[in-house]
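In: Fold the following and give me the result.
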Amino acid sequence: MKNLIQLTDQELVQLYENGNNEAFETLLNRYKSRVYTYIFLIVRNKELTEDIFQDTFIKAIATIQQGRYVDSGRFLGWINRIAHNLIIDHFRKEKNENTFSTDGLEYDYVNNSKYSEKSVEDVISNEQVMRDVIHLVNFLPATQQEVVRMRYFEELSFKEIAEKTDVSINTALGRMRYALMNMRKIATEKNIYLEIK
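Out: You can find the predicted model right below:
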């Protein structure tokens, strides 16, 4: 038997369905930082991110245990869709209750043990870079925005992007290339420094 870390997502899901809890632990470790970042970039609130992050994996566990998980070869895309739906549900609920407040949007970086390996400046800088990248995507033409989001948030291959957008693979690749060039150009114009620490 291979080491769990060497198994594919689908093999890990099957093992977990058959009662191997370590298999899900491996999946969680494989994707937790990316799912957390995905949620945080949208909600911009640490406590809310943690709540939605936990709910996302609880929902994923329930779906797998009920045998309702359908393998599409993209576990991360699937789990990010769960997170995205939970985020939308949260904001709908907030809107309905009319209680949305920006009071909770300050973060305590200094006393957070998660960030102890990096300096406070590095953490703030990295989060700013991620926000800047998302901000820059909004300046792109719609076709380029679409390809960037499909590639980086849904983790689609260029072949899948081409099929979904009804263009050739070369066109999808070209759009990505122009998107990256445009983002660099806009970053330079706006004096945005894009480097993850």
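
In: After the strand or helix carrying Gln145, which helix or strand is next? Please name it.
Out: Taking DSSP states H and E as the criterion, Gln145 maps to helix 142-152. On the C-terminal side of helix 142-152, the closest following helix or strand by DSSP H and E is helix 158-165.

In: Give me the distance between the spatially most central residue of the chain and Ile5.
Out: In the chain, the residue lying closest to the centroid (C-alpha atoms, centre = their mean) is Tyr38, at 2.9 Å. Distance, Tyr38 to Ile5, by C-beta to C-beta, to the nearest Å: 22 Å. Every residue, glycine included, has its C-beta placed from N, CA and C.

In: do the same with Ala62
Out: With C-beta to C-beta as the criterion, Ala62 and Ile5 are 25 Å apart.

In: buried stuff in stretch 173-190?
Out: Using 16 or more other C-beta atoms under 10 Å as the test for burial, stretch 173-190 gives Arg175, Met176, Ala179, Asn182, Met183, Ile186, Ala187.

In: How far does that stretch sit from its chain's centre?
Out: Remark: stretch 173-190 is offset 21 Å from the chain centroid, using C-alpha atoms, centre = their mean, to the nearest Å.

In: Alpha carbons of that stretch, as CSV, please.
Out: Output of stretch 173-190 as CSV, limited to C-alpha atoms (Å, rounded to 0.1, in the frame of the first residue of the first chain):
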residue,chain,number,x,y,z
LEU,A,173,-3.8,30.2,-23.6
GLY,A,174,-3.6,33.5,-25.4
ARG,A,175,-6.2,35.1,-23.1
MET,A,176,-4.2,33.9,-20.1
ARG,A,177,-1.0,35.3,-21.5
TYR,A,178,-2.6,38.7,-22.2
ALA,A,179,-4.3,38.7,-18.8
LEU,A,180,-0.9,38.2,-17.0
MET,A,181,0.8,40.8,-19.2
ASN,A,182,-2.1,43.3,-18.6
MET,A,183,-2.0,42.6,-14.8
ARG,A,184,1.8,43.3,-14.7
LYS,A,185,1.3,46.5,-16.7
ILE,A,186,-1.5,47.7,-14.5
ALA,A,187,0.5,46.8,-11.4
THR,A,188,3.4,48.9,-12.7
GLU,A,189,1.1,51.8,-13.5
LYS,A,190,-0.4,51.7,-10.1
